[in-house]
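**Student:** Show me the folded form of this:
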Amino acid sequence: MSNFTIPVGPLHVALEEPMYFRIDVHGETVNNVTITAGHVHRGVEYLITKRNVFQNVVLTERICSLCSNSHPQAYSMAIEQIAGIRIPARAEYLRAIADEIKRVASHLFNVGVLAHLVGFESLFMHVMEVRERMQDVKESIFGNRMDIGANTIGGVRYDIDPERIGYLREQLAALVPEVDEIIEIYRTDSSILRRTRGIGVLSYDDAIDCGVVGPVARAAGIEYDVRVKAPYAAYDRLDVPVHVLKDGDVWSRAMIRLMEARTAIDLIHQCLDGLPDGPTVAMDERPAIPPGEAIAKCEAPRGELIYYVRMTDSPKPERVKWRVPSFLNWDALGIMLRQAKVSDIAIIVNSIDPCISCTER
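**Tutor:** Numbering: from 1, shown residues only. Alright, predicted model coming up:
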């Protein structure tokens with residue numbers, strides 16, 4: 001067998017966004033992978049310094065579609081720290097509800113794509129059909145299916161009345177058996193197990209060295225979740241289990257996402273049960289944001305998302321910097337892909353749920 005190089009990207013039929021993989025193989029086995037980013041430069045961090053703090057809530061939501069609720073949430077929390085704003089209790093619960101609705105949709109999308117890459121097209125369509133129920137929930141409650149516009153500085157931009165609460169509970173009740181069925185399929189189906197068990201393994205020690213976060217870390221045995229370790233919104237009043245597996249393979253990462261999607265449904269019910277009365281924003285008018293700097297973080301669907309904001313006397317931020325989970329998880333692909341088969345490359349890459357839009361800003 002001979003050694004040769006496979007170029008994948010930056011424009012490739014298997015990639016939804018531009019990223020370049022230089023894959024050195026021996027026969028059908030991967031020896032080394034070099035990942036080159038930088039093909040998409042949108043200049044969002046520059047644009048943020050040209051807009052005032054309130055306009056940037058809208059801009060940060062457009063950094064990433066699947067994590068679109070997490071970016072404005074972390075950004076708003078950083079601004080609220082600088083301004084000394086404490087959001088109302090009802091807004092804290094509503095932020096958690098929006099967070100978990102997006103988590104269900106994001107995780108189901110990733111495991112659905114996994115079924116497509118495996119070649120299990122009927123399962124792919126079934127998972128996407130189940131996800132569509134949550135998409136309808138987003139459209140009904142927030143008015144949009146992707147960028148839901150839930151967060152604002154000082155609280156949230158939406159509220160739910162008893163009628164919408166009843167609708168949400170009804171949809172969640174219908175979603176539970178469907179998600180449970182998908183979990184059972186991924187746990188037992190030979191087509192899934194044959195292509196995902198023992199594939200793209202990331203050990204606990206390697207996960208620590210790479211600093212991976214989110215489902216990628218928890219699938220390798222790292223018990224870390226921002227909702228538990230550094231609670232925000234209403235998570236300190238919720239029972240949030242942290243799902244952890246030990247094998248660190250593609251199957252484990254898929255199962256973590258499915259279990260977290262199922263848990264997210266329970267968390268939404270907890271929020272609805274404990275939802276207090278009161279306002280949804282802390283103030284009637286937009287406050288002036290004083291000079292200062294702050295760091296805020298939240299648990300996005302892909303993992304820990306960190307925002308740094310620095311304000312001066314200007315209404316525009318002097319600096320906004322975010323560290324996305326994909327930035328850390330990309331590095332682990334070099335280990336996951338080593339000694340893998342060429343046919344498993346797409347499956348392993350998908351298993352970290354990569355977001356190039358988040359990474360290149």
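**Student:** The residue nearest to Asn52 when sequence neighbours are not counted and Met77, how far apart?
**Tutor:** Among residues not flanking Asn52 along the chain, Pro315 sits closest, at 4.3 Å (C-beta to C-beta, 6 or more residues apart in numbering). Placement of C-beta: from N, CA and C, glycine included. To Met77, Pro315 is 19 Å away according to C-beta to C-beta, to the nearest Å.
**Student:** With Ile97 instead?
**Tutor:** Distance, Ile97 to Met77, by C-beta to C-beta: 16 Å.
**Student:** Between these two, tell me which one has more neighbours.
**Tutor:** Using other C-beta atoms under 10 Å as the criterion, Ile97 and Met77 rank with Ile97 on top: 26 against 23.
**Student:** And what about that one, helix, strand or coil?
**Tutor:** Ile97 falls in the helix class when you classify it by DSSP: H, G, I helix; E, B strand; the rest coil.
**Student:** ok, the spatially closest residue to it that is not a sequence neighbour to Val118 distance?
**Tutor:** Among residues not flanking Ile97 along the chain, Cys271 sits closest, at 4.8 Å (C-beta to C-beta, 6+ apart). According to C-beta to C-beta, Cys271 and Val118 sit 34 Å apart.
**Student:** Who has more neighbours out of the two?
**Tutor:** Comparing Cys271 with Val118 by other C-beta under 10 Å, the one with more neighbours is Cys271, at 24 against 20.
**Student:** I figured that one hits Ala91, correct?
**Tutor:** No - the criterion here is C-beta atoms under 8 Å, and Cys271 misses it with Ala91 at 11.7 Å.
**Student:** Which helix or which strand is home to Glu181?
**Tutor:** helix 162-188 (DSSP states H and E).
**Student:** Can you name the next helix or strand after that helix?
**Tutor:** Going down the chain from helix 162-188, the next helix or strand is helix 190-196, by DSSP H and E.
**Student:** got the contact list for that next one?
**Tutor:** Residues outside helix 190-196 that contact it (C-beta atoms under 8 Å, 6 or more residues apart in numbering) are 114-115, 118-120, 123, 185-186, 249-251, 254, 344, 347.
**Student:** which one of those is nearest Tyr307?
**Tutor:** Taking C-beta to C-beta as the measure, Tyr307 lies nearest Ala254 of those, at 28.4 Å.
**Student:** Backbone dihedrals for Cys298, please?
**Tutor:** When read as degrees, to the nearest 10, the backbone of Cys298 gives phi -150, psi 170.
**Student:** and it, bridged to which residues?
**Tutor:** When assigned by DSSP bridges, Cys298 has beta-bridge partners Leu305.
**Student:** which ones are touching it?
**Tutor:** Cys298 neighbours (C-beta under 8 Å, 6+ apart): 70, 73-74, 77, 99, 226-227, 232-233, 304-305.
**Student:** Of these, which pair is most distant in space?
**Tutor:** Ala233 and Glu304 (14.9 Å).
**Student:** Any idea how many residues pack against Gly43?
**Tutor:** Residues near Gly43, counting by other C-beta under 10 Å, number 10.
**Student:** Return the residues in contact with the closest residue to it other than its chain neighbours.
**Tutor:** Leaving out its chain neighbours, the residue that sits closest to Gly43 by C-beta to C-beta, 6+ apart is Arg361, at 7.7 Å. Counting by C-beta under 8 Å, 6+ apart, Arg361 makes contact with 42-45, 63, 322.
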